[in-house]
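Asks: using only what follows, build the 3D model:
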Amino acid sequence: MTEHFQSRGCSLDQGSENGSTFPAFRTSPLREKVLGEVHARPFRPLPCPRTVLHYAFLTDAEEAARDHAWLSEFCISRGGHGPAPGARHHTVNFGGGTLSWEQHAEFTTYTWDGSAHEQTIFGQVPIKHPFGAAFRAPGDLLVAVRLELRGGDEGKEWRSQFDEASLTVSNLEDGAAMVATDFRQDGDGLTRVLVCNRTLSDVQSGAVVQRLLEVETYRTLAMLGLFEATRLQPDIRRFEIELAELTGQMQETSALGANQELLDKLSGLAAALEAGATASTFRFGASRAYDQIVRARLETLREEAAPGELSMASFLVRRLAPAMRTCQAIEDRQAMLSRKLARATTLLRTRVDVELEEQNRSLLESMNRRAHLQLRLQQTVEGLSVAAVSYYVVGLISYLAKAAKETGLPLPDSNLMTGISVPLVVLVIWWTVKRIRQQHGEH
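Replies: Predicted coordinates for the structure are as follows:
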């Protein structure tokens, strides 16, 4: 095999010149991004006790670019380095903890974790957290979480920090940890989450905390589709009523002008419906994707309700599932209404086309009648033209006969010659006109 490679001008030792065993192949520009994406958001080890503050802001492309520039200045001002151009995640040390920044398709998250106070479960927020007066929010706040990671079960005094009406208490990772939350905002506008680590390692604690933050973030984002569906519902109902009225008018009208007016109304209604459906496609699709992420994270956590308690999965599914069904119902109504509009428009357009064809046929029949009249008139004119041309030709023959007689030629009487030439001339002229008409007919 070595001889085969060498015979083609290649060597198995080409890469050794550069200190590598293998040759340097041309690399895809996406290779580093793809490989780096796998390690973009690693689970950071989190020892106990720990306080985690997590914020998610809705951002568009312009706000995301401004936030990237601001974070670079923020990091450089504290002796660090900012995110690389085009980077979507970055980590920097701050206030004895770690600040993580991530940019997503429609939102940006800031997560900071630092040492927790030992006094109470939800004691004072660490003074050196980054979300103070110097912090600049990149967009509208959507998610705010305060998560406390503690060791053991911490007794039962933590229950007073939650609303019993919506409190969920679950065991995670086959009982290796316990999580409690009521999904409500506290006085600082933060959703409180307590994680009691029983037997988890620091790396496992970091993975559990990150997944819990993702559950809270994505379940909030998934609910945005419900409000989009609520906003569209009155318009869809109005479209359905208008479509019913227009289809009823289709049965009552038969005039071309009325049908064309109905067709214009149906076209306008279809355009308005498609505009709303197009605008909501992203929101409904994103809500479905976020809902699937929430379900996947809960499944990964291997969550089970604590004895006598409500689990996070049952609490969220009971509220997320109706919202997702509402979004799906609105999408189905949009699709069905679009199909009905398309059928009604096609039916009405067919009726208009048939009526136009009837008008065109009547117009063609009228034109055909006029063509027949014109042909008859032309034939009459041709008959008169035969007589007129014959008259002039006979006149010429009469002049020639008179002239010939004056010159002394032995010819019969000129009047006799003129009379004899009349039928011959008429016959020749008629035959000539007929030949001309036959040649035109052939063409």
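Asks: what about the helices in the stretch 101-250 of the chain?
Replies: Along the stretch 101-250 of the chain, counting by DSSP state H, counting those that start in this stretch, helices occupy 202-222, 224-252.
Asks: highest mean neighbour count out of those?
Replies: Ranked by mean neighbour count, these are led by helix 202-222 with a mean of 21 (mean count of other C-beta atoms under 10 Å). The C-beta positions use only the backbone N, C-alpha and C, and glycine is treated the same way.
Asks: one step back: could you tell me the least trusted of the helices of the stretch 101-250 of the chain?
Replies: Among the helices of the stretch 101-250 of the chain, helix 224-252 carries the lowest mean pLDDT, at a mean of 87.
Asks: which strands or helices does that one pack on?
Replies: helix 256-300, helix 312-406 (3 or more C-beta pairs under 8 Å, 6 or more residues apart in numbering; DSSP states H and E).
Asks: which one is residue 149 nearest to, not counting chain neighbours?
Replies: Distances taken as C-beta to C-beta, 6 or more residues apart in numbering place residue 50 nearest to residue 149, at 4.1 Å, with adjacent residues excluded.
Asks: who does that neighbour form a beta bridge with?
Replies: residue 115, residue 149 (DSSP bridges).
Asks: what's around it, how many residues?
Replies: Counted with other C-beta atoms under 10 Å, the neighbours of residue 50 add up to 22.
Asks: mind giving me the domain split of this structure?
Replies: 41-201, 224-363, 371-442 (automatic domain parsing).
Asks: can you give me every residue that contacts residue 387?
Replies: residue 426 (C-beta atoms under 8 Å, 6 or more residues apart in numbering).
Asks: after the helix or strand hosting residue 68, next one along is what?
Replies: Residue 68 is part of helix 61-77 when elements are defined by DSSP states H and E. Next helix or strand after helix 61-77 toward the C-terminus (DSSP H and E): strand 89-94.
Asks: quick check: chain neighbours aside, which residue is closest to residue 326?
Replies: Excluding its sequence neighbours, the residue lying closest to residue 326 (C-beta to C-beta, 6+ apart) is residue 229, at 5.0 Å.
Asks: the bottom helix or strand of this structure by mean pLDDT?
Replies: One helix or strand of the chain scores below all others by mean pLDDT, DSSP states H and E: helix 2-7, with a mean of 44.
Asks: still on that earlier bit, mind putting the domains of the chain in TSV, distance to residue 210 included?
Replies: As requested, the domains of the chain are exported to TSV (distance: least, C-beta to C-beta, whole Å):
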stretch	distance to residue 210
domain 41-201	6
domain 224-363	9
domain 371-442	86
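Asks: now the helices of the stretch 101-250 of the chain as a markdown table including distance to residue 318?
Replies: What follows is these, written out as a markdown table (distance: least, C-beta to C-beta, whole Å):
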| stretch | distance to residue 318 |
| --- | --- |
| helix 202-222 | 12 |
| helix 224-252 | 14 |
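Asks: any idea which of these gets closest to residue 295?
Replies: For the helices of the stretch 101-250 of the chain, proximity to residue 295 was assessed by C-beta to C-beta; helix 202-222 is nearest, at 9.5 Å.
Asks: got the angle between the closest one and helix 256-300?
Replies: 160 degrees (axes from the mean of the first three to the mean of the last three C-alpha atoms, to 10 degrees).
Asks: returning to what we had before: lowest average pLDDT across the helices and strands packed on helix 224-252?
Replies: Comparing mean pLDDT across those, the lowest value falls on helix 312-406: a mean of 82.
Asks: where does the stretch 51-200 of the chain dip in pLDDT?
Replies: For the stretch 51-200 of the chain, applying pLDDT under 70 flags the ranges 117-127, 153-155.
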